[in-house]
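> coordinates for the following, if possible.
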Amino acid sequence: MNYKMLKKFGMGVLLVCVGLFSAMKISASSKGEKAAPAATANVQLKDTLVVAMKSDPKTLDPQKSIDTMSNKSINLMYDSLLELDENLNVVPALAEKWERIDEYSIVFYLRKGVKFHNGDELKAEDVKFTLERAVASPQTMYLYNPISEVTVMDDYTVKVTTKTPFGALLQNLAAIQGGIVNKKVVEAAGEDYVKNPVGTGQYKFKEWLPGNKIVFEAFNDSYHGAPEIKEITFKTVPEVSNRMIYLETGEADISFDIGLMDKEAVKNHKNLELLEVESPSILYLGFDQTVPKFQNKKLRQAIAYAIDNNVFVDAIFRGSAVAADSVMAKASPSYNPNVKKYDQNIEKAKELLKEAGYPNGIDLQLWVMDDGPRVDMCVIIQDQLKAVGINVEIKVFEFGAYVSKTALPDKELYFLSWNSSGDGDASLYPLFHSTQHGASGNRSFYSNKEIDTLLDKARTSVDQDERTEIYKKVQDILQEELPHYTLVYPKLNLAKSTKVKNMIFKKNGYVDLTKAYVEK
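Residues are numbered from 1 along each chain as shown. From the prediction side, this is the model:
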């Protein structure tokens, strides 16, 4: 194929590479406000916005983040070369256009005059430094390790070259973990960088009181333009009921992760609005295969057959989730509906448990973070497994400690989620490739040479049809092998005051506040 005949700039490339997602435009208001506040006569605006979050971020460094709480903060402070719009299509960001040279290389043309929060101008050298840092970071290398070289062509032009063709490159460069950092600042700060992070985003870091709040202030020199909201506070509110109370009392303008019991109250409240999206996210029960008992596939399958995923949908999510039947979410374009299913079968579960060498049952520990619905799901799992002779002790951990502990070997059952862009590489590679054991995502420490080969092949293809077929085969194998058992595909939600205007809630659960404003 003559790739020079296929050179395209900007969105032309992206519509080929990532125009895979079904359109689902979710704006901040069902009324679809589009007018800028200046066009709204006699409306007074608030300078502040308070967002209730269920936990603290773990880091403010994009190349060290692997959790959604950190990503939501990072999203305010940093820009990547590219970004995802509300429908998860890749669009320009710091790179205003790009050109594919061949299967291995893409040249990116940076916006000129983009300022970091400290006043420095963004240059290609910062992009090179950031991407090389992302390749080397244990937390983000799964997204970027196919990159072999980043070449500075001039101050505003950079070429990214991969070791092999890499089908997910543009999608991954749009990830929050690709947020561009200031080379000079990071090198000077060293390990203290997270105490005063510097990006190009529309908001800059002001203060962080761990366990209480993190505050961001407007960066008026952002290339996006000066924001209408001058200060944003992310308030840590672990209790789901309290996040609802904060909304009702006006202490918060937005609350993430609204409780299922509170959804109807939000819908019926004249001053509140519920936003919900089907996303490429999963909740799963992991089996740590550094523990000898979980190297036995029959034990893993026995547990799966003992569980009824529909109970979670009805009792916990009240319809705000879909019962899972594959390791990949239905919102992902490569989802395979024809894989092995584990509809609840108590007798089959007992039979497999006996064949696994546990005719009299077995005692297990199940770890979970301190999130109400997740703990409730674990209680249901505990009850369902008891019916087949598996006695489960539930251990609940604080979020930060849980993220760290589950990255280590020698645990038993553990309950986790995974959010991705929906691309097969982001959905499957970090969770199941043997090079990704631990913090990168493969916390079950699963290894399978065939899976590695298939995932590598899909990575090195720029033919989306070929990649889709490979990912479907991978799902076939994983549903048989069961390194983890996927329980549900949850919908993501937030609730907001109707006074918050022009906010975009993306399909991946993140918000775009670029043009948002808040009426008094």
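
> skipping adjacent residues, who's closest to residue 212 in space?
The spatially closest residue to residue 212, leaving aside those adjacent along the chain, is residue 236, at 6.0 Å (C-beta to C-beta, 6 or more residues apart in numbering). Placement of C-beta: from N, CA and C, glycine included.

> how many residues are close by residue 316?
21 (other C-beta atoms under 10 Å).

> distance of residue 344 from residue 285?
Computed as C-beta to C-beta, to the nearest Å, the residue 344 to residue 285 distance reads 14 Å.

> burial check on the residue nearest to residue 212, number of neighbours?
The local packing count at residue 236 equals 18, with neighbours defined by other C-beta under 10 Å.

> so it touches residue 57, yeah?
No: in this structure, residue 236 is not within contact of residue 57 by C-beta atoms under 8 Å, at 9.2 Å.

> quick one on the thing from earlier: looking at residue 344 and residue 285, which is more packed in?
Regarding residue 344 and residue 285, a neighbour count based on other C-beta under 10 Å identifies residue 285 as having more, with 23 against 16.

> bridged to that one, which residues?
With beta bridges defined as DSSP bridges, residue 285 has these partners: residue 415, residue 485.

> from residue 416, how far out is it?
Using C-beta to C-beta, one gets 8 Å for the distance from residue 285 to residue 416.

> what do you get for residue 307?
Here the distance between residue 307 and residue 416 works out to 16 Å (C-beta to C-beta).

> helices and strands of this protein: which one has the lowest mean pLDDT?
Comparing every helix and strand of the chain by mean pLDDT, DSSP states H and E singles out helix 11-18 as the least confident one, with a mean of 34.

> helix or strand next in line after that helix, which one?
On the C-terminal side of helix 11-18, the nearest following helix or strand under DSSP states H and E is strand 45-46.

> going on from that following strand, what's the next piece of helix or strand?
The first helix or strand that comes after strand 45-46 along the chain, using DSSP H and E, is strand 48-53.

> tell me which residues in that next one are buried?
49, 50, 51, 52, 53 (16 or more other C-beta atoms under 10 Å).

> tell me who's in contact with the last one.
If you count contacts by C-beta atoms under 8 Å, 6 or more residues apart in numbering, residue 53 has them with 69, 72, 234, 235, 236, 237, 256.

> mind listing which of those residues are in strands?
For the contacts of residue 53, the ones inside strands are 234, 235, 236, 256, with DSSP state E as the criterion.

> and the last one, how many residues sit next to it?
Residue 256 sits with 22 neighbouring residues when counted by other C-beta under 10 Å.

> show me the contacts for it.
Contact criterion C-beta under 8 Å, 6+ apart gives 51, 52, 53, 54, 72, 243, 493, 494 as the residues in contact with residue 256.

> now with 7 Å, please.
The contact partners of residue 256, by C-beta atoms under 7 Å, 6 or more residues apart in numbering, come to 51, 52, 53, 54, 494.

> helix, strand or coil: sort out the last one for me.
Think residue 494. Classification of residue 494 by DSSP: H, G, I helix; E, B strand; the rest coil places it in strand.

> quick check: pLDDT value at it.
Per-residue pLDDT puts residue 494 at 95.

> cool, and the one 5 residues further on?
Per-residue pLDDT puts residue 499 at 97.

> which residue comes closest to it once chain neighbours are left out?
With C-beta to C-beta, 6+ apart, the residue lying closest to residue 499 is residue 519, at 4.3 Å.

> measure how buried that neighbour is and give me the count.
Residue neighbour count, defined by other C-beta under 10 Å, stands at 14 for residue 519.

> that one touches residue 45, doesn't it?
Yes: A contact is recorded between residue 519 and residue 45 when judged using C-beta atoms under 7 Å, the distance being 6.2 Å.

> for the protein, which residue occupies the most central location?
When the chain is reduced to its mean C-alpha position, the closest residue under C-alpha atoms, centre = their mean turns out to be residue 419, at 3.6 Å.

> for the residue nearest to that residue when sequence neighbours are not counted, give me its contacts.
Spatially, and ignoring its direct neighbours in sequence, residue 419 is nearest to residue 281 (4.3 Å; C-beta to C-beta, 6+ apart). For residue 281, the set of contacting residues under the criterion of C-beta under 7 Å, 6+ apart consists of 329, 417, 418, 419, 489, 490, 492.

> mind listing the helices for the stretch 1-150 of the chain?
11-18, 68-77, 124-136, 141-144 (DSSP state H, counting those that start in this stretch).

> quick one: closest of the ones you listed to residue 336.
The closest of the helices of the stretch 1-150 of the chain to residue 336 is helix 11-18. By C-beta to C-beta, the value is 19.6 Å.

> picking that back up, now tabulate the buried residues of strand 48-53 in TSV and tack on pLDDT and distance to residue 159.
As requested, the buried residues of strand 48-53 are exported to TSV (pLDDT from 0 to 100; distance: C-beta to C-beta, whole Å):
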residue	pLDDT	distance to residue 159
49	98	39
50	98	43
51	98	38
52	97	43
53	96	38
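
> just the residues you listed now: which is nearest residue 250?
So of the buried residues of strand 48-53, ranked by how close each gets to residue 250 (C-beta to C-beta), first place is residue 50, at 9.0 Å.

> buried set for stretch 162-181?
Neighbour-count burial for stretch 162-181 [16+ other C-beta under 10 Å]: 162, 166-181.
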